[in-house]
Structures are given as structure tokens and as C-alpha cells.
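S.K.: please find the sequence and the predicted model below.
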Amino acid sequence: MRTPNGEIKVGLKKGAWDLEEDQKLISYINRYGIWNWSHMPKFAGLSRSGKSCRLRWMNYLKPDLKKGSFSKEEERSILLFHSILGNRWSAIASRLPGRSDNEIKNYWHTHLKKLLPNNPMPKKPTQNDMNVSSCFEAHNVEKIQEHVNHVNDIPNPLFSWTSEDDNSSSNSVPTPKGYGVEFIADHHDVSSPGTIEDLQCFWRQLCPFENLELGNIHQDMFSDNVYNDVIGPYSFHIDDYDTNPSRI
DNA sequence: AAAAACGACAACCGCCGAGAT
DNA sequence: AATCTCGGCGGTTGTCGTTTT
């Protein structure tokens, strides 16, 4: 069975991520960056779909994510932006540094929705709606907006929102900051999975006690098909990073 | 103390748009 | 122009911990 994009579904793990999986994903991304979510899990040694890996990274592992509960300022910002943008969580998240769209969405549904009178749920706004608050009186919006701008130095969406704001995708290579394992990529041009030897080196560093000879459970990582389809087109610069295992 | 209800949040699913072929 | 792949989005579900009965 395959997904529309060709991912093999059989045998893919679902459910909660464990520590080992997290570390594999973090280590891989820090070394090679994000180059292709659907192929990456295999190279990182994960029995997960690309989507699952992406979601885990975006919502939980990305180093610039804030942990912990929302501040009052963040609450106000969410209320304000939701009144303007509706359920466009990614657009709201792009205005709240360190918070993921999923986190904001959950927080909205569990904490903030109940605060609104009659729980109005703004629909996705049209262009004509962009200057109008659907939940707040205008003067309240202004008050909150003033506060939010002062606290977070966020551009005023009432006047600066454009359709380009929808491009809140975060497909960029993450900024390395400490989380669980040491971040080793110093932002050289590390955007490919490299050579077979490099991948084996990566795996020896990550799992020094695992048998990494071809023929083990990761054999298909180095199969001809994968090599030709995925590794082949990419260039690999051996000088781009340190391969000293002690750095992991 | 046990069961039921509830709340919080991580993760999945299906759809869609953009870009490539 | 049609099709395919990929990444992103929002709605929804599942799971687990906490609170209430």
C-alpha cells in the first residue's frame, strides 16, 4: 500500500515518538538539514512517514520552539490575531515566534475559545474581512494591538497583512541550538544525504554499537535504487563538516 | 479505592496548492 | 495541458494524566 506520494505505508510506525527516534531525527537534520521529508526517514533510520517526521520536527523538536505555557502576552496575541485571521493557525504562528501552529491551535481549543462570548468561530476571512475584527469591538482591538506591538514588536496585521503572509512555511534549515544532543552543523552547505560512506559514518556515530554492515535492517538505505534516486543527484562536500564521532 | 468524566496535547488524516516533469 | 510529487494546512482523533463522583 502506498500513499499518493509513493510512500510505503506498511510497517511504518505510528503513535508517540520515543527518545531514540527523536535523537535520530535531530541528529540527522543537524547534520544534513532538511532536504526531502519523504526520503529522509529511511536515511535517518526511522520507520516513520515523512509527514510524521515533519510534524514531529515542526511541532516539537525544532530548536527555536519555546517550551512551557503561554504567557499573558501570547494569549492576547493569539486572541487578537485569531479575531483578524480566523483559524489560519500557521499565519498566527508566524506572528508568535517560538510557537507552532499545532500548539496554538490546541491552546485555542482548550483555553481561549471558551473566553469568547457565545464562542463565535470566525471563518477563514476574505480579503474584505482583513480590516475588520469579527470578535472584538474596534477599540478593544486597538488596545490589544497597541499592547501586542509594544511587547513583541510584531508588525501590525491590521495594516500590513498581505496574501504573502500565507507563506509561513518553514522549509529552511533550522538554526542549531542545543536540544538533547549537541548540534554539529555550523551552517555550511549541508543539504544532502552525502555518500554511502558518509551515511555509514553518520550511523556509526549515532549507533556505535549497532551492526552497520550491509545486510542488516538498514540495508535498503544503501540499495541501488535509493542511491540512484536519492543520493545520486546531490553533491556532497566532505569538508563541510567534521566527521569526528566525538562531536556527537 | 475505583470508575467515570474531563482536559490537555501529541499525532494522524485528508485535502490542497505549488512546482516539476 | 495533464499528471505527479511534495510540503503545508486545518480538522479531528487518540492517548494519557488529572479531577470528580
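M.R.: Looks like it came in fine.

S.K.: which residues of chain A lie near DNA strand B?
M.R.: With C-beta under 7 Å from any atom of the strand as the criterion, chain A meets DNA strand B at residues A:4, A:13-17, A:48, A:51-52, A:55-56, A:59-60, A:69, A:102-103, A:105-107, A:109-111. C-beta: built from backbone N, CA, C; applies to glycine.

S.K.: next step: those restricted to helices.
M.R.: Among those, the residues falling in helices (DSSP state H) are A:51-52, A:55-56, A:102-103, A:105-107.

S.K.: mark which of those are buried, thanks.
M.R.: Buried subset of these (neighbour count, 16 or more other C-beta atoms under 10 Å): A:52, A:55-56, A:103, A:105, A:107.

S.K.: which of the residues you listed lies closest to A:His39?
M.R.: A:Ser52 (13.7 Å; C-beta to C-beta).

S.K.: so that closest one touches A:Lys14, yeah?
M.R.: Yes: with contacts counted by C-beta atoms under 8 Å, A:Ser52 reaches A:Lys14, the gap being 7.5 Å.

S.K.: please save the CA atoms from stretch A:39-57 in PDB.
M.R.: Provided in PDB are the C-alpha atoms of stretch A:39-57 (Å, rounded to 0.1, in the frame of the first residue of the first chain):
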ATOM      1  CA  HIS A  39      13.000  10.200   1.800                       C
ATOM      2  CA  MET A  40      14.600  11.400   4.900                       C
ATOM      3  CA  PRO A  41      13.200   8.900   7.400                       C
ATOM      4  CA  LYS A  42      14.800   6.000   5.700                       C
ATOM      5  CA  PHE A  43      18.200   7.600   5.800                       C
ATOM      6  CA  ALA A  44      17.800   8.700   9.400                       C
ATOM      7  CA  GLY A  45      16.900   5.100  10.300                       C
ATOM      8  CA  LEU A  46      13.300   5.900  11.200                       C
ATOM      9  CA  SER A  47      10.300   3.700  10.400                       C
ATOM     10  CA  ARG A  48       8.100   6.800  10.100                       C
ATOM     11  CA  SER A  49       6.300   8.500   7.300                       C
ATOM     12  CA  GLY A  50       7.900  11.700   6.000                       C
ATOM     13  CA  LYS A  51       4.800  13.600   7.200                       C
ATOM     14  CA  SER A  52       5.200  12.200  10.700                       C
ATOM     15  CA  CYS A  53       8.800  13.300  10.800                       C
ATOM     16  CA  ARG A  54       8.000  16.700   9.500                       C
ATOM     17  CA  LEU A  55       5.200  17.100  12.100                       C
ATOM     18  CA  ARG A  56       7.400  15.900  14.900                       C
ATOM     19  CA  TRP A  57      10.200  18.300  13.900                       C
END
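
S.K.: next, see if that stretch gets close to DNA strand C.
M.R.: Yes: interface with DNA strand C: stretch A:39-57 contributes A:39, A:50-51, A:54 (C-beta under 7 Å from any atom of the strand).
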